[in-house]
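Chemist: quick one, structure for this:
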Amino acid sequence: MKPLVLIIFSIMSFSFFMVNCSTDNGLVNTLDTKPEFLTASHSGCQGLHKINDKGSLEYFNYENDTLLLKINFTANCCPDFIDSVAVNSEKIQIFLFDALANCRCICNYSDIYKFYYPGFTSATLEFWCSSVHNTNYELLFAENLDL
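Modeler: Below is the predicted model of the structure:
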């Protein structure tokens, strides 16, 4: 009976250690001074009319080491967006890929991107787009962000 209890205790201890000592627990390491992409929130279609520009930064907000970017752009009205982001202390590059691109209409979108960005004072933002019809990324806009 004692060996069975010892084995069960060992398994439970090992499981507890593995779960609680995991390095990827979804939390931001606030001791890290490097900027980090956190989330993207994609809006639904904001209307079926084309806006004058291909894309623009509506606003950015920086508070408590968090940088929020609201970006307006036009894309296919049947979207399936895939984001990839490259970020460092000087530049933020957002690459948006429209994986469906199978409708013949255009919509306006307003998406919000959230970054952990300790000590932010300035950076260059680049917003790139591509689709299944044109796999080469096109720079829609670049803008300097300064506090």
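
Chemist: and Ser56, how far is that from Val85?
Modeler: With distances taken as CB to CB, to the nearest Å, Ser56 is found 18 Å from Val85. Every C-beta, even on glycine, is put in place using the N, C-alpha and C of the backbone.

Chemist: any regions of this protein where pLDDT drops low?
Modeler: By pLDDT under 70, the weakly predicted segments of the chain are 1-32, 48-53, 101.

Chemist: change it to 90
Modeler: Applying pLDDT under 90 to the chain flags the ranges 1-33, 42-55, 74-81, 98-108, 131-135, 147.

Chemist: wait, Asp83 sits on Leu96?
Modeler: Yes: proximity of Asp83 to Leu96 meets the contact threshold set by CB atoms under 8 Å, at 5.9 Å.

Chemist: and Phe37, helix, strand or coil?
Modeler: With DSSP: H, G, I helix; E, B strand; the rest coil as the basis, Phe37 sits in strand.

Chemist: residue contacts, it?
Modeler: By CB atoms under 8 Å, 6 or more residues apart in numbering, the contact set of Phe37 is 85, 87, 113-115.

Chemist: which pair in the residues you listed spans the largest distance?
Modeler: Spatial extent of the contacts of Phe37 (CB to CB) is set by the pair Val87 and Lys114 at 11.3 Å.

Chemist: and these two? Which one has more around it.
Modeler: For Val87 and Lys114, the more surrounded residue by other CB atoms under 10 Å is Val87, and the numbers stand at 20 against 16.

Chemist: please, where are all the strands along the chain?
Modeler: 36-41, 55-63, 66-76, 81-87, 91-98, 106-116, 122-131, 138-146 (DSSP state E).

Chemist: and Gly47, which of those is closest to it?
Modeler: Minimum separation from Gly47 across the strands of the chain (CB to CB) falls at strand 106-116, 5.3 Å.
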